[in-house]
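Chemist: When you get a sec, could you give me coordinates for this:
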Amino acid sequence: MAFINTKTKEVQVKLVYVGPGRGGKTTNLEYIFSRIRHRIQSDMVSIKTQGDRTLFFDFLPFELGAIKGYNVKTQLYTVPGQVKYNATRKLVLKGVDGIVFVADSMVDRRENNIHSLENLKENLRFYDIDICDFPFILQYNKRDLGAQGVPILDLETMEQDLNAELKAPSFTASAVTGENVIATVKRAISTTMVAIREKLL
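Modeler: Below you'll find the model as predicted:
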């Protein structure tokens, strides 16, 4: 739930990037950070591990402007994708306001995507959150690999695997080139703000 400070007229919104290991979550945040570095004062916090690029989270606050007289600050986090870090993933999801699921478009990562989404649903249920009634954006990452001869999943398959039930907004993307990275986070922020707008009374 967004932290709303009525005295300072500030809202803190927490967006979490989730998905399978090495799917591009950290690369997304690194690209966003590089694009808006001039607008923020703090650095990203990243803890590297041997098997996954991010153990805990990347932290990125930036100003969004005012909504209903409240200044909005967004914090972007990533969670580790590896199965053995599930306790950490669950911890980072505490207090989440919106989610970006970064799916890996490579053919050999199909099952990883499906298992990661099921794990996310399970972790959200721990906090009594129904993913079907929650700000959720899908990003089909690594689409650029197709041009390099790497076998990638067709969009119809990915939609059927991950979005048939949710009907969430989805973006094709390349976190490496930056394609639709900003579009994804903008949609995630706007969708999340719509969901919490009623609390700003």
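Chemist: What number of residues are in the vicinity of Tyr70?
Modeler: Neighbourhood size, Tyr70 [other CB atoms under 10 Å]: 18. Bear in mind the C-beta positions are built from the backbone N, C-alpha and C, glycine included.
Chemist: What backbone torsions are found at Glu10?
Modeler: phi -130, psi 140 (degrees, to the nearest 10).
Chemist: check contacts around it.
Modeler: 4, 70-73 (CB atoms under 8 Å, 6 or more residues apart in numbering).
Chemist: now the protein, which segments are flagged as low pLDDT?
Modeler: 1, 38-66, 198-201 (pLDDT under 70).
Chemist: tell me which residues of the strand or helix carrying Arg89 are tucked away?
Modeler: Using DSSP states H and E, Arg89 sits within helix 86-92. Judged by neighbour count using 16 or more other CB atoms under 10 Å, the buried positions of helix 86-92 are 88-90, 92.
Chemist: quick one: secondary structure of the residue lying farthest from the centre of the chain?
Modeler: The C-alpha centroid of the chain is most remote from Lys7, which lies 29.3 Å away (CA atoms, centre = their mean). Counting by DSSP: H, G, I helix; E, B strand; the rest coil, the backbone at Lys7 sits in coil.
Chemist: Could you list every helix and strand in contact with the helix or strand following the helix holding Arg89?
Modeler: Sequence-wise, the next helix or strand downstream of helix 86-92 (DSSP H and E) is strand 98-104. Strand 98-104 is packed against strand 10-18, helix 25-36, helix 110-126, strand 136-141, helix 155-162, helix 181-196, with contacts defined by 3 or more CB pairs under 8 Å, 6 or more residues apart in numbering; DSSP states H and E.
Chemist: Give me the sheet partners of the fourth one and which way each runs.
Modeler: Partner strands for strand 136-141, per DSSP bridges, with pairing direction: strand 98-104 (parallel), strand 170-172 (parallel).
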